[in-house]
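Trainee: Need a 3D model of the following:
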Amino acid sequence: MTQPRRKKKRKIWPWLLLVAALAAAALFFFNPARGVQRGLKDVAAQKRDISTWYTFSGNLVPVTDETQSAKRQMTVKEVYVQEDQKVQQGDALLRAADGSRLYASQAGTVEKLFVEVDDMLQPGSQVARIVDYDSLEVSVDVDEYDIDALTLSKEGEVFINALDKTVKGTVSSIAQSATTQGGVSFYAVKFQIAAQRGIRAGMSVEVRVLKEQALSAITLPLSAISYDNENSPYVLIKQEQDMAQRYIVTGLSDGVYVQVVSGVSDQETVSYLDGDMSRFFAFGRPPRAHQ
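Mentor: Got it, this is the predicted structure:
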């Protein structure tokens, strides 16, 4: 007589071990206190100067560029200057047939000479174009929201692109009337600079005028600061087994660093997840209300 087959018992303990191992791995890799800490970077708060600027673009032009004309009728008997020659105010430009002379009304370079010997000049006839290249300026358009920040004689920095050089500039004039573009009013503001070797009219420049400044301020990189759902800034501080959120008060920012008015001391270390937007809610819960 055939014996009935006995059913084999399934061994379930290997599966239990596998499930336990997977749970332990998940706990290790996704634990907020440990998994987050593994990707954190540290940075120390440091004192530095923070500045913000108004910036404008333009091109250098001579401050003085005038064409001198004859005041009365005359015949040119002798010409004392030539093109590209430098003259001082009061230098004789020409002598008329009657012995009278015409003098330069300003200092500069004779950019263009319009007369020759024996020319008959009438009142208003052009004689010479004189350009003062020793004094240059840049005219920039400043919108109506920033114009109050500029005053006559206020200094700024003029960066000359072609020379990779920065020189000082001074506000020499501010237009009283504005031009309108796209519904916004702009005022022409001129910054004057002293000519230096290599600086030429026509060069493109960037003008910077100081807006706000905080000297020796405690600062952190922008990437080290997080914001809660109410846009309140905070930093992460390491503790023994966990991370703590500490709210701070911020001030000026230059786009790279931000001033920390309170909440972090000089040389204190904070932690952050560089380039990771999830740092805003790194612990899986919204930050506590700002105190």
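Trainee: contacting residues around Leu94?
Mentor: Going by Cβ atoms under 8 Å, 6 or more residues apart in numbering, Leu94 touches 76-81, 101-102, 115, 127. For glycine as for every other residue, the C-beta is placed from the backbone atoms N, C-alpha and C.
Trainee: Would you show me how to pick out the buried ones of those residues in PyMOL?
Mentor: Burial among these is assessed by 16 or more other Cβ atoms under 10 Å; the matching PyMOL selection reads:
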select buried, resi 76+77+79+81+102+115+127
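Trainee: In helices only, show me the contacts of Leu94.
Mentor: Secondary structure assignment by DSSP state H places none of the contacts of Leu94 in helices.
Trainee: now, among the contacts of Leu94, which is nearest to Asp164?
Mentor: Val81 (36.0 Å; Cβ to Cβ).
Trainee: now, among the contacts of Leu94, which is nearest to Thr109?
Mentor: Val81 (10.1 Å).
Trainee: and that closest one, what does it touch?
Mentor: Val81 neighbours (Cβ under 8 Å, 6+ apart): 87, 91, 93-94, 110, 113, 128.
Trainee: how near is the residue most central in space within the chain to Ile147?
Mentor: Geometric centre of the chain, nearest residue: Thr55, 5.6 Å, by Cα atoms, centre = their mean. Separation of Thr55 from Ile147 (Cβ to Cβ, to the nearest Å): 15 Å.
Trainee: How about Ala45?
Mentor: 36 Å.
Trainee: Same question for Gln85.
Mentor: Where Ile147 is concerned, Gln85 sits at a distance of 41 Å (Cβ to Cβ).
Trainee: How about Asp141?
Mentor: 10 Å.
Trainee: So between Gln85 and Ile147, which is more surrounded?
Mentor: Under the criterion of other Cβ atoms under 10 Å, the comparison of Gln85 against Ile147 puts Ile147 first, with 16 against 13.
Trainee: check contacts around the more buried one.
Mentor: Neighbours of Ile147 in contact, by Cβ under 8 Å, 6+ apart: 174, 187, 189.
Trainee: run the last query once more with 7 Å
Mentor: By Cβ atoms under 7 Å, 6 or more residues apart in numbering, Ile147 lies in contact with Tyr187.
Trainee: got the phi/psi numbers for it?
Mentor: Per-residue torsions, Ile147: phi -60, psi -30 (degrees, to the nearest 10).
Trainee: Ala224 now?
Mentor: Here Ala224 shows phi and psi, under degrees, to the nearest 10, equal to phi -90, psi 0.
Trainee: what ranges do the helices span in the stretch 51-200 of the chain?
Mentor: Applying DSSP state H, counting those that start in this stretch to the stretch 51-200 of the chain gives no helices.
Trainee: now the strands for it?
Mentor: 74-79, 86-87, 92-96, 101-103, 108-113, 120-121, 126-143, 155-160, 165-174, 179-181, 184-194 (DSSP state E, counting those that start in this stretch).
Trainee: nearest spatial neighbour of the residue nearest to the centre of the chain, skipping sequence neighbours?
Mentor: Spatially, and ignoring its direct neighbours in sequence, Thr55 is nearest to Arg208 (5.4 Å; Cβ to Cβ, 6 or more residues apart in numbering).
Trainee: what's the answer for Arg200, then?
Mentor: Going by Cβ to Cβ, 6+ apart, Arg200 has Leu60 as its nearest residue, at 7.3 Å.
Trainee: how many neighbours does the one you found have?
Mentor: Leu60, neighbours per other Cβ under 10 Å, totals 21.
Trainee: list the contacts for it?
Mentor: With Cβ under 7 Å, 6+ apart, Leu60 has these contacts: 136, 138, 201-203, 205.
Trainee: Need the strands of the stretch 51-200 of the chain in CSV (columns: distance to Asp65).
Mentor: Shown next, in CSV, are the strands of the stretch 51-200 of the chain (distance: least, Cβ to Cβ, whole Å):
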stretch, distance to Asp65
strand 74-79, 21
strand 86-87, 14
strand 92-96, 17
strand 101-103, 19
strand 108-113, 8
strand 120-121, 22
strand 126-143, 5
strand 155-160, 19
strand 165-174, 15
strand 179-181, 22
strand 184-194, 13
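Trainee: is it true that Ser216 touches Ile50?
Mentor: No: the pair Ser216 / Ile50 is not scored as a contact, 9.6 Å apart, by Cβ atoms under 7 Å.
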